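J.: whatever this is, show me its structure:
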Amino acid sequence: MNQPRGRCITSQLRIKSSETPFSGADGDAGDWIDMDSGFDGLADEVFDVEMETRTHEPVTELYSGYTFMDAFDADPFSSERQHNLFYPFSSGAEWKFASWLANSGLSMAAIDECLSLDVIKSQRFSFKTAKALRKLIELLPSGPRWKCRSVKTESPTRRALQVFYRDAIECLQHLIHSPSNNGLIHFVPEKIYSAADRTQRIYTDWLTGDRAWELQDALPDGATLLGVVLSSDKTHITQVGNRQAHPLLISLANISADVRRKGSTKSYVLLALLPVPRFVHPNKRLRGVLASRLLHQVISVVVKPLKMAAEVGRMMSDPVGNLKYCFTPLVAYIADTPEQHVIACITDNASAVSMAVSNQFGDPLRCAARTASKTRQLLIAVKRETRARNLSSYFQACRKRQLNGVASPFWLHWALAEPSSFLTPEVLHHFFKMFWDHDRKCGYRHFPDGITTLKQMSMRLHREVQRYIVGVVAGGIPQGALTAIRALTDFRYRSQAPKLTDADIAKLTASLQEFHDNKAALMEAEIMLSVAPSIRSMGALGQWSADVTEHAHIDVIKDPARSGNNQNFDGQICRYLDRQEKCQLFMQATTARYLDLRGDSDDSDPSDGEENTLGSRQVTDYFKRAHALSAGDFPTAPRPYRTFASSTTAFHLASRPKMTNIDVDRAAELYGLPDFKPAMADYLARHHHNLTHTIGGRRRATPDCQLPFDRIQIWSKIRIQSYSSYDLKMLLPSQGLHVSPPTVNWPFGRYDSVIISRDGNKDWPHSGLHGHDVVQLRMIFKPISGSQSLLSNMYYAYVQRFVTTSVDQHAGMHVLKRALRSTGERVGDIIPLFQIRAPAHLIPRFGQKANSQLNSHSSDELSSSFWLNKYWTKELFHACS
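T.: Just a heads-up that it's a prediction; the model follows:
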């Protein structure tokens, strides 16, 4: 086999222009590949975004290699599996039971107790004890092997240090071959443009950004770019004793961003358990310097195979068994702000990605990037001034240059590694935590009692408060401060979109500029200046969030630690993960081989199932249910179907109504709707003349009018579901809407608000509020009629309309007021339920002083003016901005 001739690229990091391979902005016809991003579902009304893609050339050369199943067949016991696929277990049933026990979280004593039960003994399993079970699991094919080595330190520590780690190249190969990533790994950088004029770039995955294109240009012809993603953060193992672990995770930027954003896909694997030292040095500050040095020292050892592959290349197999000549530069390092400073080797008063220092953090212009070459020059200057062995004098010399005392950063000799690029803005800490630490305090400082007295807050609560803050403080703080908070909130929401165009980036840049124009009332936000350049360079920011990596700590650190005996945590964690990984690989391999032996195909789209996954949550597909019902798959289902769908929205009602048979007059009295009967009569009149079902206008029917029915069924809750406006193939979780009359707990009733369509030519969410109204649901019902007319085969809603005024200049949200008739009564009418498009969230306009009678149960009824809270969800923000 001939390997492509490589070249050492450390000394010639030639970053070509990303436009070099093409003659012009539009390119030749052969450069363009059509992409169908349309929705293949229910209707022709769905907004279709046509895109075209420009791929990097030349195409990578391929050679024959091996696949996931080839590795499984190379196991020493593969001959035994010719006769028994589940060897060393006696059968598939025994293997399933063994796998369940191994993943149950039960202690060895509990497993022994389970296996001692007579009903289990009667199955005659080949293992009788937990220890015997573990011995059998040890015989299964293994993933990347764990290694251990002692760590020598510059200064004494309280206990000897060890590092547990795996071969980094094997971990990448494991990710590439993982069946979970089948069809979700891409190797060629691309530029995606809108089809309209080919001038609007679209940024999604890492491979769509400029950095991937530049790195590919710097590689030898025919080489494949594998973007290495690392992440590290200390996490507590025990609540007592302050025991900590410092996991180093690894992933591959070539994996689809949608996959890497989901914790359930396990796209991050544990590469190493970094030592957590306790130095006995008398100087506390210098103990921190020693810890930072040790971190770089250990990471440098762990990533050595990646450095070599980034330097001269490495032959690796792709998912289908072809060998590729791969280079492995570090493209992203996900960490919180303190760890980013340690990785960048700078002090806390400097920026990790630019040359800015603390007194420049408020400048509206971005400082020069803190590149690897600049850090190298500073380290050379420090070395000339003092010796690294004299820790105190070396640190003092470093402080003058905003360095933290690390003499040999692990990334310094890693080809193509650039800290100003791989240290990306991180959503979880740079957005949500910074919001909690700064925006919240500035926004609520006018309220002497504050908003909470809890000392420790979760990131989830940070998000929740951010969704409310603009509407709550509007009117209670100076306009300049409100504008700054709103502009920065807009900036954060825009930058978290999973797909951005050049126009979107221009909007978020404008939001940042608006913040800087009003920031005197707030704080400094230097990191925000790096967001727009980072999106263009690295793709959407959401893929670099620590949400997923911190959640992975539960699977790779906390759960394994709890399964042990609180001794030698690192070793026990590695053994636990090794067993779990063996079980997972064996399950995937035996399932694939079993299907292959049966002749079944496993190529079906997972989204074809009834349940789709969004992270670790199961998302019920009500569109699919509605389609199955309308196709007659369930002939005994009650009519009209409780699950149905319009072109953009799916609806689901409980099979049994809250009130199965209630008189119309009694229902109107119970729900406080004196004009219910005339509203229904007016609706029937408009429907008879094929008029649009709008809300408002002159009430023509009288209160004593007669209806073609006397009784109705009422539902108190409905679930609605839609697809993401960012990706029309991504199904969103359904949302529940409550429509309940007054009760003891809800004295004013519980009535949620929604957005409805009033113009069939306008499409939600792409038309925004144009052609739509915001209304409050007051009743969901179905008439009970003896005839099988259209009237008794549809669901209806009585709604009360809000008048939508212009967007407030400072709060950036629409102002809503209740629509009233000349008599002072609220404007309400009947609409078909399928006119609902999305939930709406309202915040009362509190003003300078809130009404003391307002609470979570009364604010909707006792307020007359509201904010349409576009920050409630990112989908609503996208539609209303």
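
J.: please tell me how far Glu154 sits from Leu391.
T.: 7 Å (CB to CB, to the nearest Å). To be clear about C-beta, it is placed using only N, CA and C from the backbone, and glycine gets the same treatment.

J.: and the two? which has more neighbours close in?
T.: Under the criterion of other CB atoms under 10 Å, the comparison of Glu154 against Leu391 puts Leu391 first, with 19 against 15.

J.: that one and Trp411, how far apart?
T.: Counting by CB to CB, the gap from Leu391 to Trp411 is 22 Å.

J.: swap in Asp555?
T.: 27 Å.

J.: which one's more surrounded, these two?
T.: Taking other CB under 10 Å, Asp555 and Trp411 do not tie; Trp411 has more neighbours (24 against 16).

J.: quick one, phi psi at the residue nearest the centre of the chain?
T.: Nearest to the mean C-alpha position of the chain, by CA atoms, centre = their mean, lies Arg261 at 4.6 Å. Here is the backbone geometry of Arg261 (degrees, to the nearest 10): phi -80, psi -10.

J.: name the SS class of Leu295, please.
T.: In three-state terms, and counting by DSSP: H, G, I helix; E, B strand; the rest coil, Leu295 is helix.

J.: scratch that, Lys729
T.: Under three-state DSSP, Lys729 comes out as coil.

J.: ok, it touching Lys499?
T.: No - Lys729 lies out of contact with Lys499 (CB atoms under 8 Å); the separation is 11.9 Å.

J.: convert stretch 242-255 to CSV, retaining C-alpha atoms only.
T.: The C-alpha coordinates for stretch 242-255 follow below in CSV (Å, rounded to 0.1, in the frame of the first residue of the first chain):
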residue,chain,number,x,y,z
ASN,A,242,-14.0,17.9,48.5
ARG,A,243,-12.7,15.2,46.2
GLN,A,244,-12.4,16.4,42.6
ALA,A,245,-11.8,14.9,39.2
HIS,A,246,-10.4,16.7,36.2
PRO,A,247,-11.6,14.9,33.1
LEU,A,248,-10.2,15.7,29.6
LEU,A,249,-12.8,14.9,26.9
ILE,A,250,-12.2,14.5,23.2
SER,A,251,-14.5,14.7,20.2
LEU,A,252,-14.3,15.3,16.5
ALA,A,253,-15.4,18.5,14.9
ASN,A,254,-16.2,16.6,11.7
ILE,A,255,-19.2,15.1,13.5
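
J.: do me a favour and average the pLDDT over that stretch.
T.: Stretch 242-255 carries an average pLDDT of 92.

J.: repeat that for stretch 589-598.
T.: The average pLDDT for stretch 589-598 rounds to 82.

J.: stretch 290-307 too?
T.: 95.

J.: now it: buried residues?
T.: 290-300, 302-303, 305-307 (16 or more other CB atoms under 10 Å).

J.: and the two most separated of these?
T.: Leu290 and Pro305 (26.3 Å; CB to CB).

J.: any idea how far whichever helix in the chain runs longest is from the chain center?
T.: Counting residues, the longest helix found in the chain (DSSP state H) is helix 569-598. Relative to the centre of its chain, helix 569-598 is centred 26 Å away, using CA atoms, centre = their mean, to the nearest Å.
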